[in-house]
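S.K.: below: sequence and its predicted model.
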Amino acid sequence: MATHDASAGTGGIDGSLAFELDRAENFGIAFNQTLADYLTFSNKYVSRSDLIALGAVFATSSCGGPIIPFQGGRVDAYTAGPLGVPEPQNDISIIMDRFSKAGFSQSEMITLVACGHTVGGVRSTDFPDLVPPGINPAIPVIATFDPTAQFDHAVIQHYLDGSTTNPLVVHFNKTMTSDLKIFSSDGNATVSGLATAEGFANSCKSIFARMINSVPSSVQLTDPIELLPAKVSGVQLTIERDALVFKATLRLSQPLNSTNSGNRVVTMYWCDRYGNGKDCNGATHSALPANKLDEQNISPVTQALGFSFTTYNFVVPIDKSASISKFWFSIDAKDGSEVVTEDNGGTGYQLEQDQVLFVPTLSRSALKQAPLGRRGGETGAGNFTRTYQLVAAVRNGQSSPSRVYADTYESAINGFPQPLASTIDFQLNSSLSSTVEGSYSLYSASIEDSGYYLTLDLHAIIDGTTYTEDFRQTAVLDNTPYVAPVSVTSGAAVLFKSSGLWRVIVMNLTMMGILWTEWV
């Protein structure tokens with residue numbers, strides 16, 4: 001964020017760092033390694049600059065520091081920004097001017113540097129004049145800022161009591177002792193206020209939030225993102241193994257080291273979209289989860305918040321003539337407490353449409369790798385493209401669709417170029433067949449992609465209305481071959497009653513999946 005211009009409203013955390021790695025002010029391998037780690041994760045809704053900011057949040061929590069509030073919505077730049085990152089050899093007046101240009105006062109500058117230097121150190125490979133290399137120059141010697149390996153105020157304690165070995169404070173070359181210049185620039189007034197654990201943590205939380213929110217004035221960040229006690233994800237209505245199938249996952253949080261009742265029952269309910277039971281007019285349908293997964297330490301942030309998770313995965317066949325309009329969950333701990341309903345604040349979780357569906361199990365992808373050493377004339381790993389054969393299902397009605405197409409998006413590309421965005425048209429494909437074909441017709445299209453995270457917004461125009469399935473991911477296509485249902489004797493039948501009707505679910509115990517379900 002160091003080249004942010006607060007008055008002009010430009011620069012900051014915008015991802016332009018990817019195009020500035022040849023500069024002396026950004027030397028070293030750390031930036032390259034970090035950007036390589038983040039390469040495959042950016043997409044339509046998550047920018048590379050959001051990942052950079054989120055990395056700071058995770059790193060701080062990983063080291064035992066405070067939880068930094070995270071707001072999303074950063075917008076990536078695709079050209080280098082201006083020069084201006086402060087360097088150790090700079091005069092204190094230059095360093096202060098550069099922080100001031102970024103919107104930070106003298107005291108805030110001192111706090112930001114102190115909080116940033118609570119962990120880490122100086123490497124001999126980067127600053128051999130500050131830290132002499134060891135016997136093997138290829139193995140860096142690291143002179144740490146303080147003796148501890150966690151996020152704490154030891155860097156300030158040792159500075160104030162004179163016992164510090166921080167090379168940016170005690171080195172004989174005073175031109176390079178930037179921490180000494182910065183900490184002492186106001187007569188140690190600011191660092192004295194950081195000398196307690198609580199004061200240091202609170203100040204770092206505030207200043208790090210300021211740091212990661214230093215963005216161009218044209219960027220509108222979201223509200224701080226908070227943990228949802230109950231989160232629904234992985235929602236998809238699709239065709240799978242010759243059936244119309246609905247998938248959803250419910251994630252429940254719970255305090256660390258607490259235990260779930262082994263008898264807890266989570267049930268998903270849903271309503272028909274068509275027919276006599278439309279919009280829950282009559283019996284609702286229900287299903288128990290096919291499997292659950294207990295997760296500990298899902299991230300350093302949730303670990304610091306004191307939560308773990310249990311996820312419940314639902315995969316249920318849907319009557320193709322009735323379809324599904326909305327769904328919700330009930331959670332019965334079976335410990336005498338009240339049954340909890342998770343229904344999106346009373347409205348239920350709505351499925352906006354069922355007219356056009358992405359079909360991952362019928363889609364395919366193939367990777368084509370260029371020979372080594374022929375990547376745009378460079379040596380090293382070969383370039384690649386991935387060819388996708390994508391399948392969509394369109395619900396049959398009185399009118400055929402006038403157009404079936406997808407808007408595709410790809411930003412996770414080697415070299416961080418401008419995102420690839422294109423529109424592809426799907427054509428009716430009579431060579432594809434499915435037992436739900438009476439209700440749905442299958443369409444296909446192909447596209448080549450040179451990135452890692454192609455997503456598509458799928459559309460069908462029917463009678464002048466455009467139906468859309470947003471943000472379908474192709475990173476992992478389920479190409480599992482069809483497996484014939486096992487007999488009931490090798491599975492388990494579950495019976496339960498709802499709205500006066502009995503429901504039977506036959507489950508394959510090996511696959512942990514629901515094979516079929518029927519009202520009886």
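M.R.: Now that the structure is in, tell me what you want to look at. Residues are numbered from 1 along each chain as shown.

S.K.: please make it C-alpha for all contacts and neighbour counts, starting now.
M.R.: Noted.

S.K.: for residue 393, which non-adjacent residue is spatially closest?
M.R.: Distances taken as Cα to Cα, 6 or more residues apart in numbering put residue 442 closest to residue 393, at 4.5 Å, once the chain neighbours are dropped.

S.K.: pretty sure that neighbour is touching residue 394, no?
M.R.: Yes - using Cα atoms under 8 Å, residue 442 is in contact with residue 394, at 6.4 Å.

S.K.: in terms of neighbours, single out the busier of these two.
M.R.: Between residue 442 and residue 394, counting by other Cα atoms under 10 Å, residue 442 is the more crowded of the two (27 against 24).

S.K.: now the helix or strand harbouring that one, how far from the chain's geometric center?
M.R.: Using DSSP states H and E, residue 442 sits in strand 440-449. On the basis of Cα atoms, centre = their mean, to the nearest Å, strand 440-449 sits 27 Å off its chain's mean C-alpha point.

S.K.: how about stretch 150-165?
M.R.: On the basis of Cα atoms, centre = their mean, stretch 150-165 sits 35 Å off its chain's mean C-alpha point.

S.K.: residue 160: neighbour count?
M.R.: Applying other Cα under 10 Å, we find 15 other residues in the vicinity of residue 160.

S.K.: skipping adjacent residues, who's closest to residue 221 in space?
M.R.: Going by Cα to Cα, 6+ apart, residue 221 has residue 73 as its nearest residue, at 4.8 Å.

S.K.: does that neighbour really touch residue 223, like I thought?
M.R.: No - in this structure, residue 73 is not within contact of residue 223 by Cα under 8 Å, at 9.6 Å.

S.K.: quick one: low-confidence residue ranges for the stretch 401-520 of the chain.
M.R.: Residues of the stretch 401-520 of the chain meeting the criterion pLDDT under 70: 434-435, 437, 478-520.

S.K.: sorry, wrong one. I was asking about the chain.
M.R.: Checking the chain against pLDDT under 70 turns up 260-261, 297, 370-382, 434-435, 437, 478-520.

S.K.: show me the helices in it, by range?
M.R.: Applying DSSP state H to the chain gives helices spanning 30-38, 48-62, 92-101, 106-116, 154-161, 167-170, 178-183, 189-192, 197-212, 300-305.

S.K.: quick one: closest of those to residue 311.
M.R.: helix 300-305 (14.9 Å; Cα to Cα).

S.K.: if we can go back for a sec, so who does the residue nearest to residue 221 touch?
M.R.: Contact partners of residue 73, counting by Cα atoms under 8 Å, 6 or more residues apart in numbering, are 46, 47, 50, 219, 220, 221, 222.

S.K.: how many neighbouring residues does residue 101 have?
M.R.: 17.

S.K.: go on, residue 303?
M.R.: 16.

S.K.: and the one 10 residues further on, by the same measure?
M.R.: The local packing of residue 313 (other Cα under 10 Å) involves 21 other residues.

S.K.: I figured it hits residue 289, correct?
M.R.: Yes - at 5.8 Å, residue 313 counts as touching residue 289 under the criterion of Cα under 8 Å.

S.K.: thought residue 126 was touching residue 28?
M.R.: Yes - using Cα under 8 Å as the test, residue 126 is close enough to residue 28 to be in contact (6.2 Å).

S.K.: what touches both of these two?
M.R.: Shared contacts of residue 126 and residue 28, defined by Cα under 8 Å, 6+ apart, are absent.

S.K.: picking up where we left off before, output the helices of the chain in CSV, with distance to residue 272 appended to each entry.
M.R.: Converted to CSV, the helices of the chain look like this (distance: least, Cα to Cα, whole Å):
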stretch, distance to residue 272
helix 30-38, 41
helix 48-62, 39
helix 92-101, 59
helix 106-116, 55
helix 154-161, 61
helix 167-170, 67
helix 178-183, 65
helix 189-192, 63
helix 197-212, 45
helix 300-305, 37
